[in-house]
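Undergrad: structure, please.
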Amino acid sequence: MEPKIDEWRFVVIWEFQVRPGMEERFERACGADGVWAQFFRKDKAYIRTELIRDLKVARSYLTLDFWKSQEAYDAFRAQNAAEYKAIDAECENMTKSEREVGRYSRIVFG
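TA: This is a model prediction of the structure:
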């Protein structure tokens, strides 16, 4: 059964500065149905990916990868390290820089 959107408890956020002329290709690769989301969908704890663009800084984007838990995300990364690295290398030529902004847990009451 697919997790529901509101079931997320962990999100990892990445910031990218995209090379000029690569915006459309980057958006396809890193969007909700891109190569990263397809890769993450192999894990039942993955919820979704959102791609957002900065309106003030040209070619600046954030990706938000939502998971059921940090433990699930870390386990997926460890178990799929080679494929993760290969996809990252394939996408690297689209960006001038990338950095992990942070890992956040959702605050849930009740």
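Undergrad: the most centrally placed residue in the chain: which element?
TA: Nearest to the geometric centre of the chain sits D65, at 4.1 Å (Cα atoms, centre = their mean). Under the assignment given by DSSP states H and E, the secondary-structure element containing D65 is strand 60-67.
Undergrad: any buried residues in whichever helix or strand comes after that strand, and which?
TA: Once strand 60-67 ends, the next helix or strand along the chain (criterion: DSSP H and E) is helix 70-79. Neighbour-count burial for helix 70-79, with 16 or more other Cβ atoms under 10 Å as criterion, is recorded at A72, Y73, F76. (Glycine included, C-beta is placed from N, CA and C.)
Undergrad: so T63 sits right up against W36, yeah?
TA: Yes: between T63 and W36 there is a contact at 7.3 Å, judged by Cβ atoms under 8 Å.
Undergrad: shared neighbours of those two, anything?
TA: Here T63 and W36 share the contacting residues C30, T49, scored by Cβ atoms under 8 Å, 6 or more residues apart in numbering.
Undergrad: got phi/psi on E23?
TA: phi -60, psi -50 (degrees, to the nearest 10).
Undergrad: now do it, the pLDDT please.
TA: E23 carries a pLDDT score of 97 in this model.
Undergrad: so, low pLDDT: which residues of this protein?
TA: Across the chain, residues meeting the criterion (pLDDT under 70) sit at 1-5, 109-110.
Undergrad: could you pull out the strands for it?
TA: 10-18, 46-53, 60-67, 95-105 (DSSP state E).
Undergrad: put together CSV for these, with distance to R28 on each row.
TA: Formatted as CSV, the entries for these read as follows, by distance: least, Cβ to Cβ, whole Å:
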stretch, distance to R28
strand 10-18, 12
strand 46-53, 10
strand 60-67, 12
strand 95-105, 14
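Undergrad: what's the closest of these to N80?
TA: In this view, the strands of the chain are compared for proximity to N80 by Cβ to Cβ, and strand 46-53 is the closest at 11.3 Å.
Undergrad: got the buried residues for that closest one?
TA: Judged by neighbour count using 16+ other Cβ under 10 Å, the buried positions of strand 46-53 are Y46, I47, R48, T49, L51.
Undergrad: I am finished for the moment; much appreciated.
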